[in-house]
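Visitor: Next comes the sequence, and after it the predicted model I'd like to discuss.
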Amino acid sequence: MRSIACLFAALCLLASMICAQDQPKFTPAQQEVLDARNARVEAGKKRDGSWSRYVADDCIYSDDDGNLVTKAQLLEHEKRNWPPEYDHSVNFRDYVVHVYGDTAVMNFRFTVHEQITDSDLITEMRATETYAKQNGTWLLVARQWAPLPINFRKPVAVDTSVYKDYVGKYQSRPLDDVETISVKDGKLWSQSGKDENEYLPLGSETFFIKNDIASITFSRDPQGHVTGYTYHREDGQDYHVKKIK
């Protein structure tokens with residue numbers, strides 16, 4: 001969960017290290033919107049409220065916890081004595097800009113680093129921003145962002161001989177793709193439709209994949225046969241996936 005203090009740092013104190021080679025070629029109109037965004041980010045580094053002239057007074061900020069944050073709240077929290085190294089983002093990338101007359105929508109990816117005690121916490125983020133052109137100036141009118149489901153867990157060493165018990169076909173609902181679990185080169189793999197992922201062990205029965213922050217735990221019947229697995233969502237909810245073959 002992020003406090004508004006962290007939100008302000010992520011929104012306005014982002015150090016701009018944009019890799020030019022990662023940017024596509026834009027039309028003049030698209031570049032104008034991107035320039036307005038970059039100007040806002042640069043102004044945010046000054047921590048004097050100058051970024052606010054690039055933001056509409058009624059701008060809608062929606063954070064990754066589903067909270068609405070106002071421009072006024074961000075300006076109020078800017079009055080804190082933020083250390084320069086508090087929060088920074090590197091390598092803005094994957095820009096997509098669509099311009100519709102005096103309205104524009106931008107989507108991009110970025111990386112947030114947060115230094116907490118001796119740990120550098122990394123969050124991969126994606127944001128969508130909406131701009132409106134008013135009196136010849138592009139103003140930010142809405143911004144929504146959320147972390148990408150990248151798993152930073154580390155796999156542990158287990159006896160891989162148990163993997164053969166998990167081989168088979170699995171399905172959660174009748175209309176869902178059938179998942180095929182197999183063993184290749186001593187590793188456990190999942191194939192569902194066109195998606196293939198390695199199941200990385202957190203234990204002999206619990207696994208995760210890199211692009212999902214949830215985990216799964218295989219289940220057995222009293223005779224020891226694998227009957228399926230439980231999918232543990234990151235919000236604490238679980239559901240069962242049956243082994244059908």
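Guide: Yes, it's here.
Visitor: which residues are contacting the longest strand that the chain contains?
Guide: Longest strand in the chain by number of residues (criterion: DSSP state E): strand 119-134. Outside of strand 119-134, the residues within contact range by CB atoms under 8 Å, 6 or more residues apart in numbering are 10, 33, 36-37, 56, 64, 89, 94, 102-115, 138-148, 150, 152. To be clear about C-beta, it is placed using only N, CA and C from the backbone, and glycine gets the same treatment.
Visitor: one more time with 6 Å
Guide: Taking contacts as CB atoms under 6 Å, 6 or more residues apart in numbering, the residues outside strand 119-134 that touch it are 33, 102-107, 109-114, 138-145, 147-148, 150.
Visitor: Just the buried residues from the residues you listed, in PyMOL please.
Guide: Only the buried members of the contacts of strand 119-134 enter the following PyMOL selection, criterion being 16 or more other CB atoms under 10 Å:
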select buried, resi 33+104+106+109+110+111+112+114+138+139+140+141+142+143+144+145
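Visitor: Which parts of the protein are strands?
Guide: Secondary structure of the chain, counting by DSSP E: strands at 55-62, 68-69, 87-100, 103-116, 119-134, 137-147, 168-171, 179-184, 187-192, 195-201, 206-208, 215-220, 226-232, 238-243.
Visitor: Adding distance to Arg80 and mean pLDDT, write those out as a markdown table.
Guide: Written out in a markdown table, the entries for the strands of the chain read as follows (distance: least, CB to CB, whole Å; pLDDT from 0 to 100):
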| stretch | distance to Arg80 | mean pLDDT |
| --- | --- | --- |
| strand 55-62 | 18 | 95 |
| strand 68-69 | 15 | 93 |
| strand 87-100 | 12 | 86 |
| strand 103-116 | 16 | 90 |
| strand 119-134 | 20 | 92 |
| strand 137-147 | 21 | 95 |
| strand 168-171 | 50 | 97 |
| strand 179-184 | 48 | 97 |
| strand 187-192 | 46 | 96 |
| strand 195-201 | 40 | 95 |
| strand 206-208 | 37 | 98 |
| strand 215-220 | 37 | 97 |
| strand 226-232 | 37 | 98 |
| strand 238-243 | 40 | 96 |
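Visitor: closest one to Ser161 among those strands?
Guide: strand 179-184 (9.9 Å; CB to CB).
Visitor: how far off strand 238-243 does the closest one point, in degrees?
Guide: Compare the direction of strand 179-184 with that of strand 238-243 by axes from the mean of the first three to the mean of the last three CA atoms, to 10 degrees and you get 70 degrees.
Visitor: burial measure for Thr206, as a count.
Guide: Applying other CB atoms under 10 Å, we find 17 other residues in the vicinity of Thr206.
Visitor: tell me the contacts of it?
Guide: Shown in contact with Thr206 (CB under 6 Å, 6+ apart): 215, 217.
Visitor: Report the beta-bridge partners for it.
Guide: Thr217 (DSSP bridges).
Visitor: again with Val226
Guide: Beta-bridge pairing of Val226 under DSSP bridges involves Arg220.
Visitor: distance between the helix ranked longest in the chain and the chain's centre?
Guide: The helix of greatest length in the chain, counted in residues with DSSP state H as the criterion, is given as helix 28-44. Between the centre of helix 28-44 and the centre of its host chain there is 23 Å, according to CA atoms, centre = their mean, to the nearest Å.
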